[in-house]
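Engineer: Sequence first, then the predicted structure, then my questions.
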Amino acid sequence: VIDFGCGEASLTSILIGETWQDHQIRRIACVDIDLDCVTTAASACQPQEYDLGDGLRVHDLTIDLYQGSVSEADQRLMGYDALACAEVVEHLHPEMLAGFWKTVLGVYSPRLVIVTTPNAEFNVNFPQLMCSSAAQEYGYSASFTGVGNLPNQDPAVGFCTQIVVLKKMHSVAAPDIDSRSYTLHSSIKYPVYRTIHSETETLFHLHEIIGSFRPRLPKTVDPHEHWNYFHEPEDPEGKVVAPEDGKEAVLGLLPMECLWSSGKVRQYCRSRSNMVEILLMSPIVQVDVEHDLITFDDDHLFWKECDDRCDAARAEEDEKFRKGAEEDTMENSDDENDGDNYHNDVDVDNTFWPETADGWAGANTWGDEPSTEAVGWGSREWDQPSESWGDSWSAIPP
């Protein structure tokens, strides 16, 4: 995917994350004329802590960041599948806009192009005829949509953000270019989960995940048990409730999508089709490919053992949470005691400031004992009425 006029990588930051689909984005090219924006984008695209731990990607991802103009072509960006240009064309002069379409549709020629323009006022100056003409010239179909309608808005103005989707209908011979007009700023490669698991190991892991994800009947709540955030609300009628959307679920059924949503499952199986193939080897679950469901006998001993392991793990988490809360309470209590001791050690009302020949000393010179040369705070008076206090004041000795 090419992010044309990437700015600070707002769009690319979203594209980085892996989806649940088998086909993932493997390479992103970010282009912007502003070097500061490219530098900020490079920082925003760096792998985060999650990407380096349990969230390791299954598929490779490389992000190349270039400084360059959207009206010029670079041979390194040829062969990409899609190009997105969000909120850029409204900044281009007419001559640059012509070069933009030639570069995007005539040279790079991706299968899919999405261009957006913000601002209802500008959409009047971005007629569909211009996009349709460019699409026809380079063999693309054009469809128009948008987001955002203002109250009492003139329909001729269009959406607050207008979107044109261009799809390649047939190939047009691209010009042979030998140009590297962009400057490569940086290239970022994301770490990938490389461990290879056997089918037996993967199947065991799938069984464990199914056991923890499958619908379960609510247990009787002990009214004397300490409530904390790790407990799930129980349904008063004893129905099986699907936690993700609140709809009634069925024992012995689990949507395939629910299992594939697990990052660990995707790391072990690498593709949804491979997950299905491994599940077909299972002696305790069946795969309903037509309805995209996993079925099983919920009374099987294996699931009861899974419940015991899950309950034990939850109890351990409960205990950690309880101990952490107690430690926080003790720390807060110690802090309050320290504050009391401070006030006991320093009695502000009985602290005296020494008076010097030049006036009152600063706060860093404290008098330990009252004397004839020191005046306490309670004895200090002002030389002006309170309603007309000025910047100058003096202390009148008692």
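Structural biologist: Okay, I see it.
Engineer: okay, CA-based contacts and neighbour counts for the rest of this
Structural biologist: OK.
Engineer: I'd like the distance between V113 and L259.
Structural biologist: 33 Å (CA to CA, to the nearest Å).
Engineer: can you check L251 too?
Structural biologist: 15 Å.
Engineer: Which residue ranges of this protein form strands?
Structural biologist: Under the criterion DSSP state E, strands of the chain are mapped to 2-4, 27-32, 62-67, 82-86, 112-117, 140-147, 161-168, 183-189, 253-255, 285-288, 293-296, 352-356, 359-360, 374-376.
Engineer: Give me the more crowded residue out of L251 and L259.
Structural biologist: L259 (21 against 17; other CA atoms under 10 Å).
Engineer: quick one, what contacts that one?
Structural biologist: By CA atoms under 8 Å, 6 or more residues apart in numbering, L259 lies in contact with I209, I210, F213, V265.
Engineer: and the residues you listed as CSV, adding pLDDT, neighbour count and distance to M169?
Structural biologist: Putting the contacts of L259 into CSV (pLDDT from 0 to 100; neighbours: other CA atoms under 10 Å; distance: CA to CA, whole Å) gives the following:
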residue, pLDDT, neighbour count, distance to M169
I209, 94, 17, 43
I210, 95, 21, 43
F213, 91, 16, 44
V265, 94, 19, 37
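Engineer: Of the residues you listed, which belong to helices?
Structural biologist: Secondary structure from DSSP state H places I209, I210, F213, V265 of the contacts of L259 in helices.
Engineer: tell me which of the residues you listed is nearest to H91?
Structural biologist: Distance to H91, by CA to CA, is smallest for V265 among the ones in helices among the contacts of L259, at 44.7 Å.
Engineer: Might you report the residue contacts of that closest one?
Structural biologist: Counting by CA under 8 Å, 6+ apart, V265 has contacts H205, L206, L259.
Engineer: quick one: the helices in the stretch 101-250 of the chain?
Structural biologist: Per DSSP state H, counting those that start in this stretch, the stretch 101-250 of the chain carries helices over the ranges 120-123, 128-138, 199-213.
Engineer: Show me where the stretch 201-350 of the chain dips below the pLDDT cut-off.
Structural biologist: Under the criterion pLDDT under 70, the flagged ranges of the stretch 201-350 of the chain are 219-248, 332-350.
Engineer: rerun that using 80 as the cut-off
Structural biologist: 217-249, 325-350 (pLDDT under 80).
Engineer: for the stretch 1-150 of the chain, same thing?
Structural biologist: The stretch 1-150 of the chain contains residues with pLDDT under 80 at 20-22, 50, 53-54, 90, 118-130, 149-150.
Engineer: switch to 90 and redo it
Structural biologist: Within the stretch 1-150 of the chain, the segments meeting pLDDT under 90 span 17-24, 48-56, 87-99, 116-137, 144-150.
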